[in-house]
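A.B. asks: Predicted model and sequence below, questions to follow.
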Amino acid sequence: MPIVNRLADMSDEITAWRRDFHENPEILYETVRTGQKVAELLESFGLDEVTPGIGKTGVVGVIKGRNGGAGRTIGLRADMDALPIEEATGKPYASKIPGKMHACGHDGHTAMLLGAAKYLAETRNFDGTVVVIFQPAEEGGAGAKAMIDDGLMTRWPIDEVYGMHNFPGLPVGEFAIRKGAIMAATDEFRITITGRGGHAAKPHETIDPVVIGSQVVSALQTIASRNADPLKSVVVSVTTFNAGNAFNVIPQEAVLRGTVRSLDPEIRDMAEKRLKAIATTITESFGAKADVFFRRGYPVTANHDDQTDFAAGIAEEIAGKGKVITDIAPMMGGEDFSYMLEERPGAFIFAGNGDSAGLHHPEYDFNDDLIPVGCSYWVRLVETALPTAA
């Protein structure tokens with residue numbers, strides 16, 4: 001099945017929604033305007049139920065099939081939030097909010113799911129129930145978990161859940177997916193090293209946290225190179241190193257911050273344990289003290305086997321033979337759709353955004369040519385998963 005003609009005809013309308021969201025970006029749980037517009041559109045489509053305020057500013061819509069919604073329930077999720085980035089696209093619909101922009105394509109994700117919801121509400125060519133999920137705070141705020149904590153999976157008894165994200169560099173009309181881990185767990189750490197400050201000309205009278213911190217930074221790289229199985233990925237990156245503010249003073253304190261990314265629960269546990277041990281042991285060997293804070297973020301985004309096969313099959317119907325990668329390499333970026341996949345079976349798929357700037361780049365823009373492709377994927381997924389009775 002190629003692009004659904006009705007969705008192709010709706011592309012201009014859906015694009016207008018997308019560009020409106022793009023002009024008015026909201027970050028994390030601030031998606032009040034976005035959520036209100038989503039809810040208003042869903043109401044205008046004639047959905048059976050529209051519920052705002054799930055997970056603070058999330059919106060849930062319900063579409064019942066021809067049999068009144070009896071049977072299985074499929075959840076479809078789109079994220080709504082933007083990023084704290086100054087836009088540099090120069091587009092006529094560029095962000096009107098200084099320091100905020102849709103640099104990850106969530107404006108497009110929201111618009112595509114809205115387009116699919118409108119079509120599904122009009123046609124009802126399925127039996128069962130579709131729950132459309134518009135989620136805030138994917139970018140570091142764990143909005144998926146907040147919606148789950150508000151009863152997403154139980155108030156609307158979802159049986160399976162599916163997500164989609166645009167993919168710069170992959171041609172428009174093509175898809176990519178894999179079974180199992182497709183995106184990494186995202187943990188963060190802060191190491192505070194307290195030494196003894198003093199005059200830079202008398203280092204022997206100090207315990208220099210800058211030197212100690214430098215040793216820690218180097219040693220942390222052995223987690224990947226000497227502690228992890230070479231066939232299992234882990235990334236340990238120190239991304240900030242703050243100490244002192246004068247050229248002639250050895251500071252009292254140094255603070256290191258960074259992230260740990262992993263694709264395997266055992267590797268994740270090992271990395272946390274080794275990070276704490278390395279930081280503490282090295283620091284104490286110099287006579288200083290280390291305070292280590294480690295916070296687990298999003299879990300691994302792990303696709304379920306049967307649902308991955310199903311999603312790949314739907315994608316191939318839309319894209320055609322040879323245009324669906326089914327073994328894409330896992331990525332070390334994170335995605336809080338992982339929380340939904342821990343609750344219910346499902347799959348997360350990438351859809352090509354063409355030759356665009358990369359995600360989280362100030363010149364990134366969602367490719368509107370993807371709209372009919374993504375909408376068609378959602379519609380065909382529902383109509384195949386929830387077929388009408390013969």
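C.D. replies: Received it, and whenever you're ready, just let me know what you need.
A.B. asks: In the stretch 51-200 of the chain, what residue spans correspond to helices?
C.D. replies: Taking DSSP state H, counting those that start in this stretch, the helices of the stretch 51-200 of the chain run over residues 106-123, 143-149, 152-155.
A.B. asks: Could you say which of those is packed most deeply?
C.D. replies: helix 106-123 (a mean of 25; mean count of other CB atoms under 10 Å). Any C-beta I mention is one placed from the backbone N, CA and C, and that applies to glycine too.
A.B. asks: Quick one: mean pLDDT for it?
C.D. replies: For helix 106-123, mean pLDDT is 98.
A.B. asks: Tell me which stretches of the stretch 151-300 of the chain form strands.
C.D. replies: 160-167, 175-176, 180-183, 185-194, 198-199, 234-243, 249-250, 253-262, 289-295 (DSSP state E, counting those that start in this stretch).
A.B. asks: got the domain boundaries for this protein?
C.D. replies: 5-183+300-385, 185-295 (automatic domain parsing).
A.B. asks: Need the winner for burial among the ones you listed.
C.D. replies: domain 5-183+300-385 (a mean of 20).
A.B. asks: could the strands of the stretch 151-300 of the chain go into JSON lines alongside mean pLDDT and distance to Ala357?
C.D. replies: Shown next, in JSON lines, are the strands of the stretch 151-300 of the chain (pLDDT from 0 to 100; distance: least, CB to CB, whole Å):
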{"stretch": "strand 160-167", "mean pLDDT": "98", "distance to Ala357": "12"}
{"stretch": "strand 175-176", "mean pLDDT": "98", "distance to Ala357": "18"}
{"stretch": "strand 180-183", "mean pLDDT": "98", "distance to Ala357": "20"}
{"stretch": "strand 185-194", "mean pLDDT": "98", "distance to Ala357": "22"}
{"stretch": "strand 198-199", "mean pLDDT": "98", "distance to Ala357": "47"}
{"stretch": "strand 234-243", "mean pLDDT": "98", "distance to Ala357": "21"}
{"stretch": "strand 249-250", "mean pLDDT": "98", "distance to Ala357": "42"}
{"stretch": "strand 253-262", "mean pLDDT": "98", "distance to Ala357": "22"}
{"stretch": "strand 289-295", "mean pLDDT": "98", "distance to Ala357": "30"}
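A.B. asks: ok so, going back, tell me which of the helices of the stretch 51-200 of the chain sits nearest to Thr222.
C.D. replies: In terms of CB to CB, the element of the helices of the stretch 51-200 of the chain nearest to Thr222 is helix 143-149, at 32.4 Å.
A.B. asks: Packing partners of that closest one?
C.D. replies: Where contact means 3 or more CB pairs under 8 Å, 6 or more residues apart in numbering; DSSP states H and E, helix 143-149 is packed against strand 58-64, strand 129-135, helix 337-343.
A.B. asks: Run through who's touching the last one.
C.D. replies: Put plainly, it is helix 337-343. Helix 337-343 has contacts (CB atoms under 8 Å, 6 or more residues apart in numbering) with 75, 77, 138, 142, 144-145, 148, 152-153, 161, 163, 183, 185, 298-304, 346-348.
A.B. asks: circling back to that earlier point, adding distance to Asp81, write the strands of the stretch 151-300 of the chain out as JSON lines.
C.D. replies: JSON lines is the format used below for those (distance: least, CB to CB, whole Å):
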{"stretch": "strand 160-167", "distance to Asp81": "13"}
{"stretch": "strand 175-176", "distance to Asp81": "23"}
{"stretch": "strand 180-183", "distance to Asp81": "17"}
{"stretch": "strand 185-194", "distance to Asp81": "16"}
{"stretch": "strand 198-199", "distance to Asp81": "46"}
{"stretch": "strand 234-243", "distance to Asp81": "22"}
{"stretch": "strand 249-250", "distance to Asp81": "41"}
{"stretch": "strand 253-262", "distance to Asp81": "20"}
{"stretch": "strand 289-295", "distance to Asp81": "20"}
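A.B. asks: I'd like to know which of these lies nearest to Leu83.
C.D. replies: Among the strands of the stretch 151-300 of the chain, strand 160-167 sits nearest to Leu83 (CB to CB), with 14.1 Å.
A.B. asks: Let me see the residues that make contact with the closest one.
C.D. replies: In contact with strand 160-167 (CB under 8 Å, 6+ apart) are residues 72, 74-78, 105, 108-109, 112, 133, 176, 307, 311, 335, 337, 340-341, 343-353, 366-367, 370, 374, 377-378, 381, 385.
A.B. asks: which residue sits closest to Ser262, ignoring its sequence neighbours?
C.D. replies: Leaving aside its sequence neighbours, Ser262 sits nearest to Arg268 (CB to CB, 6 or more residues apart in numbering; 4.3 Å).
A.B. asks: mind listing what the one you found touches?
C.D. replies: Arg268 makes contacts with 185, 187, 234, 260, 262, 296, 300, as judged by CB under 8 Å, 6+ apart.
A.B. asks: which other helices and strands contact the helix or strand containing Leu41?
C.D. replies: With elements taken from DSSP states H and E, the one containing Leu41 is helix 32-45. In terms of contacts (3+ CB pairs under 8 Å, 6+ apart), helix 32-45 is packed against helix 11-23, strand 49-54, strand 58-64, helix 106-123, strand 129-135.
A.B. asks: angle of it against helix 106-123?
C.D. replies: 20 degrees (axes from the mean of the first three to the mean of the last three CA atoms, to 10 degrees).
A.B. asks: could you give the angle of helix 32-45 to strand 129-135?
C.D. replies: Put simply, helix 32-45 runs at 160 degrees to strand 129-135, going by the same axes, to 10 degrees.
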